[in-house]
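Q: Dropping the sequence and predicted coords here.
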Amino acid sequence: MLKIDKATMRFGGVVAVNQLNANIKEGETVGLIGPNGAGKTTVFNMVTGVYKPTEGKIIYNPDGKKDIDLTLLRPDQIAKVGICRTFQNIRLFKELSVMDNVFIGNHLRLKSDVFSSALRLPAYIKQEKEFMEKSKYLLEKVGLYEERDEKSFSLPYGKQRRLEIARALATDPKLLLLDEPAAGMNPQETQELMAFIADIKKEFKLTIFLIEHHMEVVMGICEKIYVLDHGVLIAEGNPSEIQNNPKVIEAYLGVE
Amino acid sequence: MKNNNLLKNIIIIILALALLFILNITLDSYKVRIVNLCSIYIILGLSMNLINGFTGLFSLGHAGFMALGAYTVALLTMSPQAKEVNFYMEPILPFLKDLNMPFVLALIMGGLMAALFGFLIGAPVLKLTDDYLAIATLGFSEIIRIIIINLQPITNGALGLKGIPPKNNAFFAAMLGQTPKINLLWAGVIAIITIVFMNLLMKGSYGKALKAIREDEIAARSMGINLFRHKVMSFTISSFMAGVGGGLLAISLGTIDPTLFKFSLTWNILLIVVIGGMGSIKGTIISAIIVTIGMEALRFLDESINLGFMQTPALPGLRMVVFSIILMMAVIFKKDNIFKSTLKKARGRYAKD
């Protein structure tokens, strides 16, 4: 589904990501781990078009038909082909209501132009109703329906994280990128999050690519794990392989 | 619930129309002029709020777009004779001389002219952000003004255009035996249409997308919103409204010249937007009315004032100083919304007791 082919990202003299190869199959949950500054978020930024890789290709193929080179697309076009993300340092539309945040996730599917929207033509009204229903459903799903009219910045941290996921789901993604979804959560919340991710994955038929520091999350839900250190891929494999990989233990978990 | 809202809105609109109608008949010509100006400033304030308040782009090019609208409307509504009288330095281009349109059509053309330029200017400029965008749009607005000064055969240059046919309420005046004065209904109805349009636009999906761009461009982009397309769209609509507002201003003043569309005109509108609150439709309406009436009410500051023990000399422009101070205060103390924050504070005070 997603193939990162020798992608390299340089910022001046700094090589943030070096010759990264990765392959994500449809329906998988793939983890990306590594110490701070290893270049994990840069990988996400390359996939979602925020950064253009200096070298290499990122091939996306959602339905087995045509290959799409993501390095040639803008972030909004990438969202339209079905890749959506959350952010490490939560980026909600702060002053807008919880409902509006999710509603905006639907906007990319809107067919009407701005005038039919302002004139409330039937085609627009119909689609708006659809969006409202979907937003409502998603808010119920993440348990934020009660808070729908509150401004999103007033939500507690954990709920903001869930709202970000709901907003991303509103864009109908096929591949969902989660950047540290469990950051700042206590063990119980983390457990709930894991169940939640498994749940949405099943319901929306998602492929999930996630960055996480909580080892229990990564080991618990990922089928495949990539380990980055200083921008270089040092290991890949299933959780037990990664846990026993001496390179990983040395670079990431520390040397005894 | 929803139907109730619709009903409420319709009633408000009908009441506003009735009020306009009554004011139109009862006020004297000086007061009618002020109310008319209020309507025009509501249109202009909303137009600027769309781009500065809702989309979060700091644009200072309003005077330029108003000038485009004003000149288009003036040239399309003036009679060939009036044009001949105006263009005594250099004759007007022949095809322009006989060009004449009904008022409403001319107004739409004025809006379209401004929108066209808004689109052309917006496409390159909207890649910039923050202060850079402000400087670029400010520059373009001045360029438009300079071009108008130098296009003698089309715009009559620095001499300006005089004798733009006014829209009077001759019909009602004749019925009531009054002298004709400005017909409030034109600007008033267009202001109401603008308010309704803005409300519908901002409530819809596009309005929310624009607000999303204001809140966080990176997140908006990642949610599939084409930033550039939406920004240009907002800028073009805003220019259209500015053009219409400029056209109405030309009609109500009867005379326009390039000095009218200096940068200070943009400041006046910015003052309305900042006092009313960035991204607030209600606030803009209220502050447009307050600022316009205030400008008139503070006229005494320009004249010599008798303080009892001494007579101050006349200081033309003193009221502008006062308004600048008000603008500074508004920016320093009430960054987001002067009305909302005052209300919040008042509520907070009562809640504590």
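A: Structure's in. What do you need? Quick caveat: nothing in here was measured; it's all calculated off a predicted structure.
Q: My reading is that A:Gly37 lies in a strand. Confirm?
A: No. Applying DSSP: H, G, I helix; E, B strand; the rest coil, one finds A:Gly37 to be coil, outside a strand.
Q: Tell me how many other residues crowd it.
A: A:Gly37 has 13 neighbouring residues, counting by other C-beta atoms under 10 Å in any protein chain shown. Heads up, the C-betas are built off the backbone N, CA and C, glycines and all.
Q: and what of A:Ile33?
A: A:Ile33 sits with 24 neighbouring residues when counted by other C-beta under 10 Å.
Q: ok, now B:Val196?
A: Applying the criterion other C-beta under 10 Å, we find 14 residues in the vicinity of B:Val196.
Q: B:Thr259 now?
A: Residue neighbour count, defined by other C-beta under 10 Å, stands at 12 for B:Thr259.
Q: quick one: secondary structure of it?
A: Put simply, B:Thr259 is helix when judged by three-state DSSP.
Q: Name all residues that make contact with it.
A: Going by C-beta atoms under 8 Å, 6 or more residues apart in numbering or on different chains, B:Thr259 touches B:Ala158.
Q: How much space separates it from A:Ser117?
A: According to C-beta to C-beta, to the nearest Å, B:Thr259 stands 39 Å off from A:Ser117.
Q: where does chain B come near chain A, residue by residue?
A: Residues of chain B lying close to chain A by C-beta under 8 Å from any C-beta of the partner chain are B:197, B:200-201, B:204-206, B:208-209, B:211-212, B:215-216, B:218-227, B:233, B:237.
Q: List the ones among these that fall in strands.
A: Among those, no residue falls in strands (DSSP state E).
Q: Taking the stretch 101-250 of chain A, what residue is nearest to chain B?
A: Residue nearest to chain B within the stretch 101-250 of chain A (C-beta to the nearest C-beta): A:Leu108, separated by 3.0 Å.
Q: for the closest residue in space to that residue that isn't next to it in sequence, what are its contacts?
A: Excluding the flanking residues, the one nearest A:Leu108 by C-beta to C-beta, 6 or more residues apart in numbering or on different chains is B:Gly224, at 3.0 Å. Taking C-beta under 8 Å, 6+ apart, we find B:Gly224 in contact with A:Asp76, A:Ala79, A:Lys80, A:Cys84, A:His107, A:Leu108, A:Thr171.
Q: now the fourth one: how far from A:Pro122?
A: Distance, A:Cys84 to A:Pro122, using C-beta to C-beta: 29 Å.
Q: Tell me which of the two has more neighbours.
A: Comparing A:Cys84 with A:Pro122 by other C-beta under 10 Å, the one with more neighbours is A:Cys84, at 27 against 9.
Q: Could you check which helix or strand contains the more buried one?
A: Assessed by DSSP states H and E, A:Cys84 sits inside strand A:83-85.
Q: next SSE after that strand?
A: helix A:98-106.
Q: which parts of chain A sit against chain B?
A: Residues of chain A lying close to chain B (C-beta under 8 Å from any C-beta) are A:48, A:50, A:74-76, A:79-80, A:84-85, A:87, A:91-96, A:100, A:103-108, A:110, A:112, A:114, A:117-120, A:124, A:128, A:131, A:167-168, A:171.
Q: So which residues of the stretch 251-353 of chain B form helices?
A: Assigned helices in the stretch 251-353 of chain B, in chain order: B:263-276, B:281-297, B:318-333, B:338-352 (criterion: DSSP state H, counting those that start in this stretch).
Q: Buried deepest among those helices, which one?
A: For those, the largest average neighbour count (mean count of other C-beta atoms under 10 Å in any protein chain shown) is found in helix B:263-276, namely a mean of 22.
Q: ok and that one relative to helix B:281-297, angle-wise?
A: If you take axes from the mean of the first three to the mean of the last three C-alpha atoms, to 10 degrees, helix B:263-276 sits at 130 degrees to helix B:281-297.
Q: picking up where we left off before, ok, the strand holding A:Cys84: who's next to it in the sheet?
A: Strand A:83-85 has its sheet partners listed here by DSSP bridges as strand A:175-179 (parallel).
Q: Over the partner strand, what's the mean pLDDT, rounded is fine.
A: Average pLDDT, strand A:175-179: 94.
Q: same question, stretch A:230-244
A: Throughout stretch A:230-244, pLDDT has a mean value of 88.
Q: Can you show me the CA trace of it as PDB?
A: Below are the C-alpha coordinates for stretch A:230-244, written out as PDB (Å, rounded to 0.1, in the frame of the first residue of the first chain):
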ATOM      1  CA  HIS A 230      19.900   9.300  13.600                       C
ATOM      2  CA  GLY A 231      17.800   9.000  10.400                       C
ATOM      3  CA  VAL A 232      19.000   5.600   9.600                       C
ATOM      4  CA  LEU A 233      16.900   2.400   9.600                       C
ATOM      5  CA  ILE A 234      18.600   0.100  12.100                       C
ATOM      6  CA  ALA A 235      16.100  -2.700  12.300                       C
ATOM      7  CA  GLU A 236      12.800  -3.900  11.100                       C
ATOM      8  CA  GLY A 237      10.600  -6.900  12.000                       C
ATOM      9  CA  ASN A 238       7.900  -8.100  14.300                       C
ATOM     10  CA  PRO A 239       7.800  -7.100  18.000                       C
ATOM     11  CA  SER A 240       9.700 -10.100  19.300                       C
ATOM     12  CA  GLU A 241      12.400  -9.700  16.700                       C
ATOM     13  CA  ILE A 242      12.800  -6.100  17.600                       C
ATOM     14  CA  GLN A 243      12.900  -6.700  21.300                       C
ATOM     15  CA  ASN A 244      15.700  -9.200  20.900                       C
END
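Q: Return the set of buried residues in that stretch.
A: Within stretch A:230-244, the residues scored as buried using 16 or more other C-beta atoms under 10 Å in any protein chain shown are A:Gly231, A:Val232, A:Leu233, A:Ile234, A:Ala235, A:Glu236, A:Pro239, A:Ile242.
Q: mind listing what residue 91 touches?
A: You didn't say which chain, so I picked chain A. Under the criterion of C-beta under 8 Å, 6+ apart, the neighbours of A:Arg91 are A:Glu164, B:Asp216, B:Ile218, B:Ala219.
Q: wait, chain B
A: B:Pro153.
Q: Please report phi then psi for it.
A: Main-chain torsions, B:Pro91, degrees, to the nearest 10: phi -70, psi 150.
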